[in-house]
Every structure is written in C-alpha cells, then in structure tokens.
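**Q** Got a predicted structure here, sequence first:
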Amino acid sequence: MHKAIRFHEVGGPEVMNLEDVNVGEPGPGEARVRHVAVGLNFADTYFRSGLYPSALPAGLGVEAAGVVEAVGAGVDNVSAGDRVAYTGSPLGAYSTARVMPADSLVKLPDEIAFETAAAMMMRGLTSAYLLRRIWPLQSGDTVLLHAAAGGVGLIVSQWAKLLGLTVIGTVSSDAKAELARAHGCDHIIRYDREDVAASVRALTAGAGVPVVFDSVGKDTFAGSLDSLRRRGLLVCFGTASGPQPPIQAMQLAIKGSLFVTRPALADYIADPAERAELAGELFGHVAAGRIRIEINQHYELADARRAHQDLEGRRTTGSSIFVL
C-alpha cells in the first residue's frame, strides 16, 4: 500500500493527513511513477488554504522526481525504468507513487540527482521563463528581485549573472542577505527596514530598473511599481504576502507607462518543445555546476504539516523537499 498526503477540507496545515492509497495501473496515455523525492512549493499552500480552487478531497503537490514503473497504451515519450521528473497539474505529488499523464514527464540526465530534480523543476523552469521569455533583457541591465534568498531567487540570481545582469535583491534578514550575495546578488536591500524604491533609485542614478521580479505580492506591490523606470515591467509571479491589490490603469500611465504581467508557469511549459528547450538549458547549467540548487530543508511525508508551517512562517531558504 502506498502513502499520500490528502486533504478533505481547505484550511491550515492541520487539514493535511497521511493516508493509505491504491495507485493502480496506468491507463492510456498514463505512467506510474515511484517517487524518490518530492518538491515543496509555496503554491502548495494556496491549494491547501483554498486560495487556489481544487475538487475535494484532493492530493497535494505538483513536483517530484522518480522512476517510471509502468506505462499505459500509447505512451512513447517514457518507458519503464526511466529516471524522470515533472512539475505541473494534476495535484498529487505528495505521495510515494502515483499514476499521472505521461506527457508531463521529463527524462532526467544521469548527472541530475533525484533530490536536485525535485527541488528545481518548478523553481528552475520558473527562473527559465522569467529570464528567457518574459522580457528581452540585455547584458548590462539591472533587475530588482524580491525574496532573493528563496528557491527561485537563488536560481534567478545565478542565472542572471550568466546573462551579464546586475541583480538588486531584497531579503528580510542578515542571514538571507549573506546567502543571496553568495549566489550572485550585487546589491542587497533589507525590505523590512529600508524603503525599497528609494534604495533602487539610489542604486540606479534615479532611473529605476527595467524589470522587477516580485513573488511576494501585496506587501511589495507599491514599492515594485515605484522601482521601475519609464516603460518598465512588473512581473508578479507569486503572492507570498497575499494577492496584489487591484490595478488602476491610469496609475500605470502616471508612473511612466508601466507594464504589469501575472504569468503562470503552465503557460510557458504547455508546448512540449518549449518545455524541453527550457528544461534542457536548466539541466545544462545545473549539470555543469554553473547553477547550484540549494536544498536547505528536508522532510518526510509524515512531516507535511511542519513543512508548511516552516514555509508560511518564512523560516526556509533555498529549496525544500520531501525525501521518500
């Protein structure tokens, strides 16, 4: 009998329970995957809390790595025995094994460990589309990166340096500042005690930055807008502090004809060819050691409640995984 974290009502971490589940055999277009490591992402808390809707009862988690045990009819992209990883719907990664759509699976190079893959699929592919698809960033550009010591932040910082970008990162503690600097941040702003927009203006001779990457949401939204140069872009890709407030179109004009986007990873990996291209670039950097994936928290599935408490309490840095 396999195990899985499931929830029957939305709410706090206490609604999650470790349950026995029957996995069964894969049907047409499906594969059964035995998980070795499972990723923990802030978005998981949105499903659990009800911010993101899901049909109940439900599993949880969208990212894992493991071995294909069996495939159903019509599956030709993976075979039994393949090392694979994935990120994306449907929910259910918090489990020892599962049956899922085979076309969601990406084969892992031998150089990428299961634990590394589970820690980086969502964060790494998010970093990939942020830097390689959202805006035509050029070597020499400066960007503002909120939560620079988080899982995405550490990857974006390293990748940005490979592209010749200058990174201004925001953090909430001295320890996180040190971690962000070690991963490529050129300038650090303590957003808990500094005026972010004023600091950005001071660092850019008053001009502001062309792009702000903001995964925090409500608490940083106003400062992010005020940190942009004329015709700059605010990329809202997370809501760790709560949803962004409503946007008044005229406000964007007054502040310099600004752009705002709220992208979703799913729309950047829906095309298998584009997903393969982004994953290939990510895997290449990680395998070569140009980007390090920091796994700073390890949990067992039975510790899912504590893992969510740590995540929502902002007690984590880098990536977190469940090890099976």
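**A** Nice, thanks for sending it over. Residues are numbered from 1 along each chain as shown.

**Q** As a check, name the ranges of all helices in this structure.
**A** Using DSSP state H, the helices of the chain run over 42-49, 114-132, 151-162, 174-182, 196-203, 221-226, 249-254, 266-269, 272-287, 304-312.

**Q** what mean pLDDT does the last one have?
**A** Within the predicted structure, the mean pLDDT of helix 304-312 is 96.

**Q** ok, and the closest non-adjacent residue to Ser157?
**A** Nearest residue to Ser157, sequence neighbours excluded (CB to CB, 6 or more residues apart in numbering): Gly184, at 3.9 Å. Where you see a C-beta, it was placed from the backbone N, CA and C, and this is true even at glycine.

**Q** Neighbours of the closest residue to Gly217 other than its chain neighbours, how many?
**A** Of all residues not flanking Gly217 in the chain, Thr239 sits nearest, at 3.6 Å (CB to CB, 6+ apart). Neighbour count for Thr239, taken as other CB atoms under 10 Å: 20.

**Q** Now do the contacts for Thr239.
**A** Contacts for Thr239 (CB atoms under 8 Å, 6 or more residues apart in numbering) come out as Tyr46, Leu51, Ser215, Val216, Gly217, Lys218.

**Q** same thing with Leu163?
**A** Going by CB under 8 Å, 6+ apart, Leu163 touches Leu131, Leu137, Ser139.

**Q** Nearest the middle, which residue of this protein would you pick?
**A** Arg123 (3.2 Å; CA atoms, centre = their mean).

**Q** Looks like that residue contacts Val152 (just checking).
**A** Yes - with contact defined as CB atoms under 8 Å, Arg123 and Val152 form a contacting pair (4.8 Å).

**Q** if we can go back for a sec, now the contacts of Leu163: which count as buried?
**A** Neighbour-count burial (16 or more other CB atoms under 10 Å) applied to those gives Leu131, Leu137.

**Q** ok, of the contacts of Leu163, which one's closest to Glu294?
**A** Here the nearest of the contacts of Leu163 to Glu294, counting by CB to CB, is Leu131; it sits at 17.9 Å.

**Q** surely Lys218 meets Pro246?
**A** No - with contact defined as CB under 8 Å, Lys218 does not reach Pro246; the gap is 11.3 Å.

**Q** Compare these two (neighbour count), which wins?
**A** The residue with more neighbours, out of Lys218 and Pro246, is Lys218; 13 against 6, by other CB under 10 Å.

**Q** Report the contact partners of the nearest residue to that one once chain neighbours are set aside.
**A** Once flanking residues are discounted, Lys218 sits nearest to Gly242: 3.7 Å by CB to CB, 6+ apart. Applying CB under 8 Å, 6+ apart to Gly242 gives the contacts Gly217, Lys218, Asp219.

**Q** Which of those residues lies at the shortest distance from Ala202?
**A** Nearest to Ala202 among the contacts of Gly242 is Asp219, at 20.9 Å by CB to CB.

**Q** backbone phi and psi for the closest residue to that closest one other than its chain neighbours, please?
**A** Distances taken as CB to CB, 6+ apart put Ser241 closest to Asp219, at 3.9 Å, once the chain neighbours are dropped. Note on Ser241: backbone dihedrals following degrees, to the nearest 10 are phi -100, psi 0.

**Q** I'd guessed Ser241 sits against Val216; true?
**A** Yes - the pair Ser241 / Val216 is scored as a contact, 5.1 Å apart, by CB under 8 Å.

**Q** Those two: who's more crowded?
**A** With neighbours defined as other CB under 10 Å, Ser241 and Val216 compare such that Val216 has more, 23 against 16.

**Q** And the more buried one, how far from Val67?
**A** According to CB to CB, to the nearest Å, Val216 stands 36 Å off from Val67.

**Q** for Asp219, same thing?
**A** Counting by CB to CB, the gap from Asp219 to Val67 is 41 Å.

**Q** and what of Thr142?
**A** Note on Thr142: its distance to Val67, by CB to CB, is 43 Å.

**Q** neighbour-wise, which of those two wins?
**A** Thr142 (21 against 17).

**Q** partner residues bridging that one?
**A** Thr142 has these beta-bridge partners by DSSP bridges: Thr166.
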